[in-house]
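>>> fold the following, please.
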Amino acid sequence: MKIFNKNDKMSSLVTSNYNLLPVINRFGIRLGFKEKTIGELCREQEVNADFFLAIVNTYNDENYFPEAELLSFSPLLLIDYLKNTHNYYIGYVLPKIERLLNQVLVSCGNDCASLKMIGSFYQKYKHELLLHLQLEDEKVFPYIIDLYKNRQLRNDQTSIQVFENEHTNVEEKLTDLKNLIIKYLEPGYNHNDMNEFLFALAQFEKDLYDHARIEDNILVVQVEKLEQELTQQGSR
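All right, here's what the predicted structure looks like:
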């Protein structure tokens, strides 16, 4: 699969994979690219082009993960991107999925016990996901920002590992929900509505997987390294 660079046209990036549109939007870049290259549009929007390409290529190709390059970027840059992603999930993806689920529920004329079970599973999942995002937005990200700006460990024994112990693998539970539908759903619903709901879940699953790779393999590693450095400085 093609790895995009600064000289490629932004329009070519989108037409090669329309699923990248939400990722591009998280950088404040909107449609209407004309013939401009990725490098040109990033300069216009004051976006770090190297970071943009590292993220976009990671989402475009599941086998591509420039770990060394991503580790070289500021954690503050990563956090800004991750927070925009959270806003996208909360403001658009979850309401869309819930709307599609409600359409399927309305279309079911029979008892639809299995569908109601799936609805209940989804509500529990959504609650856990929102708690997960809230933990990161209100505790993890502020902790990291404070750590990098002040270069000083907190006195309350807080560390990125403490937060990681509270970290739930929400992407795995979404996979469970998707498999539950595929394997055990009983007939009696509008299949077009259900297909649309399942497509939305699968797309969200992929987005969450890439999101988790960036958090767990890049951001956490960066923070652990800084914590170690500050601990060594304090013990001198």
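
>>> where exactly do the helices run in this structure?
10-16, 21-25, 38-44, 49-60, 67-71, 75-88, 94-107, 113-135, 141-150, 160-166, 170-184, 191-214, 220-234 (DSSP state H).

>>> tell me what the third one is packed against?
Right, the one you point to is helix 38-44. The elements that helix 38-44 packs onto, with contact taken as 3 or more Cβ pairs under 8 Å, 6 or more residues apart in numbering; DSSP states H and E, are helix 10-16, helix 49-60. Where C-beta positions appear, they are placed from N, C-alpha and C, glycine not excepted.

>>> of all those, which one is nearest Pro142?
helix 49-60 (21.3 Å; Cβ to Cβ).

>>> what's the closest one in contact with?
1-6, 13, 16-17, 19-20, 23-24, 27, 38-39, 42-43, 64-66, 69-70, 73, 77, 81, 207, 210, 213-214 (Cβ atoms under 8 Å, 6 or more residues apart in numbering).

>>> would you mind checking those for buried ones?
The neighbour-count test (16 or more other Cβ atoms under 10 Å) marks 4, 13, 17, 20, 23-24, 27, 38-39, 42, 65-66, 70, 73, 81, 207, 210, 213-214 as buried among the contacts of helix 49-60.

>>> read off the pLDDT value for Phe73.
With respect to pLDDT, Phe73 scores 96.

>>> what's the distance between Leu101 and Thr175?
17 Å (Cβ to Cβ, to the nearest Å).

>>> quick one, which of those two is more surrounded?
Applying other Cβ atoms under 10 Å to Leu101 and Thr175 shows that Leu101 carries more neighbours, namely 21 against 15.

>>> which residues touch the more buried one?
So Leu101 contacts Ile118, Gly119, Tyr122, Phe197 (Cβ under 8 Å, 6+ apart).

>>> neighbour count and pLDDT added to the residues you listed, as JSON lines?
Listed next are the contacts of Leu101 as JSON lines, based on neighbours: other Cβ atoms under 10 Å; pLDDT from 0 to 100:
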{"residue": "Ile118", "neighbour count": "22", "pLDDT": "89"}
{"residue": "Gly119", "neighbour count": "16", "pLDDT": "89"}
{"residue": "Tyr122", "neighbour count": "20", "pLDDT": "93"}
{"residue": "Phe197", "neighbour count": "26", "pLDDT": "95"}
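
>>> in terms of mean pLDDT, which of the helices of the chain ranks lowest?
Averaging pLDDT over each of these singles out helix 160-166 as the lowest, with a mean of 73.

>>> what's the closest non-adjacent residue to the residue minimising distance to the centre of the chain?
Central residue of the chain (Cα atoms, centre = their mean): His211, 3.4 Å from the mean position. Counting by Cβ to Cβ, 6 or more residues apart in numbering, His211 lies nearest to Thr85, which is 5.8 Å off, once chain neighbours are set aside.

>>> before we move on, what about Leu153?
Leu230 (5.1 Å).

>>> Glu224 too?
Distances taken as Cβ to Cβ, 6+ apart put Ile160 closest to Glu224, at 5.8 Å, once the chain neighbours are dropped.

>>> surely that neighbour and Lys225 touch.
No: at 10.0 Å, Ile160 does not count as touching Lys225 under the criterion of Cβ atoms under 8 Å.

>>> neighbour count winner among these two?
The neighbour comparison of Ile160 against Lys225 (other Cβ under 10 Å) goes to Ile160, with 21 against 12.

>>> contacting residues for that one?
Neighbours of Ile160 in contact, by Cβ under 8 Å, 6+ apart: Val140, Tyr143, Ile144, Val220, Val223, Glu224, Glu227.

>>> contact partners for Val23?
Val23 touches Ile55, Val56, Tyr59, counting by Cβ under 8 Å, 6+ apart.
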